[in-house]
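Enquirer: From the sequence below, what's the structure:
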Amino acid sequence: MSMKEISSLIEQFESEFDTYLQSLKKSNDEIYSQLSTTWKNIQALQKEKEELDLKVGEQNSELTGLRTQSEEYDKKIEELKAKKEEILSKISELKGTLEQTTDELKKPQLELEDLNSKLNSVNEKIESKESEKGKLEQQKIENDNKESQLKGDYSKKMEELESTLKSSKQQNFFASFLIDHSEEDIHEVDILSTILEQGKCNLSELKTQLDIPPIMAVRTIKQLAVKGIINLDESTEEITMP
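Expert: Predicted coordinates:
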């Protein structure tokens with residue numbers, strides 16, 4: 001083989017190697033971007049779960065109170081109905097007495113009117129309590145429906161996020177490693193998540209926002225910039241995603 005052919009092969013190898021490096025860099029950039037987005041979604045979803053748990057707890061407490069009030073209204077209504085039957089019985093008795101004692105008509109008549117007035121008052125109270133009970137039952141149904149909807153929305157979002165995580169793990173071993181260890185102190189994940197959330201950051205401000213020593217934060221940020229994962233303008237200390 002001549003030197004010219006060897007030189008041609010070397011140039012071809014260098015060209016293919018450069019292409020491979022560019023492809024590898026692009027793949028890593030996409031993985032970092034996807035990983036950062038997934039991590040951000042996990043944090044947002046965790047916060048939403050805590051809020052949902054708080055709302056569910058409050059609704060359960062409210063439902064318990066509504067059930068107690070409903071039981072009290074049921075008891076009160078039964079007492080009023082019993083009193084109504086007692087009054088009706090008394091009215092019937094007085095009507096019989098009225099028919100038999102015409103000489104004392106005035107007194108039973110007044111008692112009858114008083115009992116009728118009491119009966120009307122009891123009927124109004126029964127209607128009022130039954131109306132309040134109906135409102136409580138409707139509110140309880142609405143709260144149950146709201147709780148079911150909140151739980152459904154949370155389950156759906158968790159399924160979508162788990163699907164995204166599974167897809168990321170299958171595409172690249174490195175992404176799988178970062179995802180599986182995302183609860184540990186992986187500084188790159190914290191840095192990328194913060195940059196993605198804010199859009200752009202200042203180096204001096206960013207290193208104070210992270211839960212890692214400032215020296216470690218600056219070193220990690222510069223390493224990410226050298227790898228082309230983020231853009232760092234050292235003159236202005238502005239950090240952005242490519």
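Enquirer: And the next helix or strand past the worst-scoring helix or strand of the chain on mean pLDDT?
Expert: When each helix and strand of the chain is scored by mean pLDDT, DSSP states H and E, helix 173-180 comes last, with a mean of 44. Going down the chain from helix 173-180, the next helix or strand is helix 187-198, by DSSP states H and E.
Enquirer: list the helices and strands the helix or strand just after that following helix packs on?
Expert: Scanning forward in sequence from helix 187-198 by DSSP H and E, the next helix or strand is strand 200-202. Applying 3 or more CB pairs under 8 Å, 6 or more residues apart in numbering; DSSP states H and E, one finds that strand 200-202 makes contact with strand 238-240. To be clear about C-beta, it is placed using only N, CA and C from the backbone, and glycine gets the same treatment.
Enquirer: Could you give me the buried positions within the strand it packs on?
Expert: Ile239 (16 or more other CB atoms under 10 Å).
Enquirer: Same check on stretch 232-242?
Expert: 232, 237, 239.
Enquirer: and the first one, that one's in a strand?
Expert: Yes - counting by DSSP: H, G, I helix; E, B strand; the rest coil, Leu232 is located in a strand.
Enquirer: quick one: contacts for it?
Expert: For Leu232, the contact set (CB atoms under 8 Å, 6 or more residues apart in numbering) comprises 203, 221-222, 225, 238-239.
Enquirer: so which of these comes closest to Glu86?
Expert: Closest approach between those and Glu86, by CB to CB: Ile239, at 82.4 Å.
Enquirer: give the contact list for the residue nearest to that closest one when sequence neighbours are not counted.
Expert: Leaving aside its sequence neighbours, Ile239 sits nearest to Cys201 (CB to CB, 6 or more residues apart in numbering; 4.6 Å). The contact partners of Cys201, by CB under 8 Å, 6+ apart, come to 194-195, 238-240.
Enquirer: average model confidence for the helix ranked longest in the chain?
Expert: Assignment by DSSP state H gives helix 3-100 as the longest helix of the chain. For helix 3-100, mean pLDDT is 82.
Enquirer: can you state the direction angle for it and helix 187-198?
Expert: Taking axes from the mean of the first three to the mean of the last three CA atoms, to 10 degrees, one finds that helix 3-100 is oriented at 60 degrees with respect to helix 187-198.
Enquirer: elements contacting helix 3-100?
Expert: helix 106-171, helix 173-180, helix 187-198.
Enquirer: Out of these, which gets the lowest mean score?
Expert: helix 173-180 (a mean of 44).
Enquirer: Spatially, which two of the contacts of Leu232 are the most separated?
Expert: Every pair of the contacts of Leu232 checked by CB to CB; the farthest is Lys222 and Glu238, at 13.8 Å.
Enquirer: so what's Ile215 up against?
Expert: Taking CB under 8 Å, 6+ apart, one finds nothing in contact with Ile215.
Enquirer: Now do the SS call for it.
Expert: Ile215 - assigned by three-state DSSP - is helix.
Enquirer: Could you measure from it over to Lys47?
Expert: Counting by CB to CB, to the nearest Å, the separation of Ile215 from Lys47 is 30 Å.
Enquirer: ditto for Leu192
Expert: 19 Å.
Enquirer: From the neighbour counts alone, determine which of the two ranks first.
Expert: Between Leu192 and Lys47, counted using other CB atoms under 10 Å, the more crowded position is Leu192 (23 against 10).
Enquirer: residue contacts, the residue nearest to Lys118 when sequence neighbours are not counted?
Expert: In this structure, Lys118 finds its nearest non-sequential neighbour in Ile87, 6.1 Å apart by CB to CB, 6+ apart. The neighbours of Ile87, taking CB under 8 Å, 6+ apart as the test, are 115, 118-119, 122.
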